[in-house]
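Visitor: Sequence plus the predicted model coming up.
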Protein chains: 2
Amino acid sequence: MGLRERKKQRTRDALIDAALDLFLTRGYEATTIDQIAAEVEVSPRTFFRYFASKEDVALSLTADEQRMLLAELASRPESESPFTALCQAMRSLLKMLREADDTEAGRYLRCQKVVHSTPALLAGTMRLVKENERKLVAEVARRLGADPCDLQPQFIVAVFVSVALACFDERTQDPAVLARRLEDLLALAERSLCPGWDQPVRSGAGERVSAPAPAPG
Amino acid sequence: MGLRERKKQRTRDALIDAALDLFLTRGYEATTIDQIAAEVEVSPRTFFRYFASKEDVALSLTADEQRMLLAELASRPESESPFTALCQAMRSLLKMLREADDTEAGRYLRCQKVVHSTPALLAGTMRLVKENERKLVAEVARRLGADPCDLQPQFIVAVFVSVALACFDERTQDPAVLARRLEDLLALAERSLCPGWDQPVRSGAGERVSAPAPAPG
DNA sequence: TAATTTATGTCAGTCGATGACAGATGACAA
DNA sequence: TTGTCATCTGTCATCGACTGACATAAATTA
């Protein structure tokens, strides 16, 4: 890797670290691009050559995590049922977090604190998750031998995403606590869902969804 | 109601309609506040006295819907289980949509089209939904006689929200199609979830969540 | 070293959003 | 009707996020 690329990577990391520090101390809204750029001794214009927006720099780590989750899912064995594969992918992600070096772990913690104390960033996170959800649905549909437009893969991913999101409480930032919370929620999900609910439906039976539930009331 | 209040309401509605029209024809990003204000023959400054932001005017109807969903839930009889009550509240909301007059229905349709074609507005919608989710959890917890911090009410609402969100496909804007999609998803959910999964757990049994699911890596 | 590519800084400008002040308008009592 | 008061509105000034254009500096390659 050439000098040029290394310099770019260093500038990028420095911008992220400076931004997270300022967001954490002064608050996200109160921090200006000029301040971040000044901290790294770079022109404000250069900031926007690395990040598309102020939100982008705060959520760059989150975006990375979403990509990693998708990659982990793709690497799960085909023998696992879709929901199991999703859960295992999530466990892998948390494991990587716990095993990260101090620099990365610190970045992650600061990022979590900032995001959970800033409504705008929480909204941005939701957008990233929703975008990734479409890709997860595509992969789950492939595993089921179904169409991505079918309801079942969408439902499976929706349940998984809602469980995963429920883990990220504003008070839960430590990866160990997070992992514990995930396991508790997955156990609850396991108790609530019928066995085989995320298996492919056998052709000719159970596929029909024409009878709407009765509306008492 | 005095003349003043009526004028304000008219200005507000005019701003929403003008904004939605411009967003729909020129696109959300390409539309400026000045253009919206000019359309209603009002100063740009006045626009911001009615709406906190450009996003706010696009999502004012969505915010209304969230408030209505919460109100519908609160009016459901206590005899209904939490998930049933949530579903019935959603059905009530869709019913109100189908029964709305042409003006309202038109506004709703334009709003849906704009939101689903604009990532920023999709993110904003997620933020509104997430904010409302906390209130839904509180109400569900109350019905269960549980604490809002418990996992069960959070899980129940999370499943409901994920199903409700899955209804709003980018291609699904017509209220009738939407209602059909909701019923299909609810039927799928009913088949996937154990009977009584959203009932209060009997004290002394089933409350423990200490045994994590095995991790067949 | 020369030529080419690529990153950066400077400048000007647009747009979203806010505070301050003054003028206009509806509400209400005498 | 008139005058007072509260409220709504327009104008002006300003900040901060973001972008395009152009020139300069640095790294890569021949």
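Guide: All right, it came through fine.

Visitor: pLDDT score assigned to the residue sitting nearest the centre point of chain A?
Guide: In chain A, the centroid-proximal residue (C-alpha atoms, centre = their mean) is residue A:66; its distance is 4.1 Å. Note for residue A:66: predicted pLDDT of 98.

Visitor: Kindly report the same for residue A:213.
Guide: As predicted, residue A:213 sits at a pLDDT of 41.

Visitor: coming back round to it: please spell out which residues along the host helix or strand of the residue nearest to the centre of chain A are buried.
Guide: Following DSSP states H and E, one finds residue A:66 within helix A:54-74. Using 16 or more other C-beta atoms under 10 Å in any protein chain shown as the test for burial, helix A:54-74 gives A:54-55, A:57-62, A:65-66, A:69-70, A:72-73. From N, CA and C alone the C-beta is placed, and that goes for glycine too.

Visitor: At which residues are the helices of chain A located?
Guide: Assigned by DSSP state H, chain A shows helices spanning A:3-26, A:33-40, A:44-50, A:54-74, A:82-98, A:102-116, A:119-144, A:151-167, A:175-192.

Visitor: The longest one near chain B at all?
Guide: Looking back up the chat, that one is helix A:119-144. Yes - legend: contact between helix A:119-144 and chain B by C-beta under 8 Å from any C-beta of the partner chain is shown at A:119, A:120, A:122, A:123, A:124, A:126, A:127, A:130.

Visitor: Would you mind measuring from residue A:53 to residue B:102?
Guide: Residue A:53 sits 39 Å away from residue B:102, going by C-beta to C-beta, to the nearest Å.

Visitor: how about low-confidence regions in chain A?
Guide: A:203-217 (pLDDT under 70).

Visitor: Apply 90 and report the result again.
Guide: Within chain A, the stretches with pLDDT under 90 are A:1-3, A:168-176, A:201-217.

Visitor: Which residues of it lie near DNA strand D?
Guide: Within chain A, the residues that sit near DNA strand D (C-beta under 7 Å from any atom of the strand) are A:2-5, A:7, A:31-34, A:44-45, A:48, A:52-55.

Visitor: Identify the residues contacting the closest residue to residue A:82 other than its chain neighbours.
Guide: Leaving aside its chain neighbours, residue A:82 sits nearest to residue A:140 (4.5 Å; criterion: C-beta to C-beta, 6 or more residues apart in numbering or on different chains). Taking C-beta atoms under 8 Å, 6 or more residues apart in numbering or on different chains, we find residue A:140 in contact with A:82, A:85, A:86, A:153, A:156, A:157.

Visitor: residues touching the fourth one, list them.
Guide: Read that as residue A:153. The contact partners of residue A:153, taken as C-beta under 8 Å, 6+ apart, are A:82, A:137, A:140, A:141, A:144, A:146.

Visitor: Spell out which parts of chain A neighbour DNA strand C.
Guide: Residues of chain A lying close to DNA strand C (C-beta under 7 Å from any atom of the strand) are A:4, A:7, A:8, A:11, A:41, A:42, A:43, A:44, A:45, A:46, A:49, A:50.

Visitor: If we use 6 Å, what do you get?
Guide: Taking C-beta under 6 Å from any atom of the strand, the part of chain A that reaches DNA strand C is made up of A:4, A:8, A:11, A:42, A:43, A:45, A:46, A:49.

Visitor: Would you mind giving me the ChimeraX syntax to select the buried ones in the residues you listed?
Guide: Command for ChimeraX, covering only those of these found buried under the criterion 16+ other C-beta under 10 Å:
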select /A:11,42
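
Visitor: OK, contacts around residue A:65?
Guide: The neighbours of residue A:65, taking C-beta under 8 Å, 6+ apart as the test, are residue A:93.

Visitor: Go through the helices of chain A and pick out the most buried.
Guide: For the helices of chain A, the largest average neighbour count (mean count of other C-beta atoms under 10 Å in any protein chain shown) is found in helix A:151-167, namely a mean of 23.

Visitor: Fine by me, thanks again.
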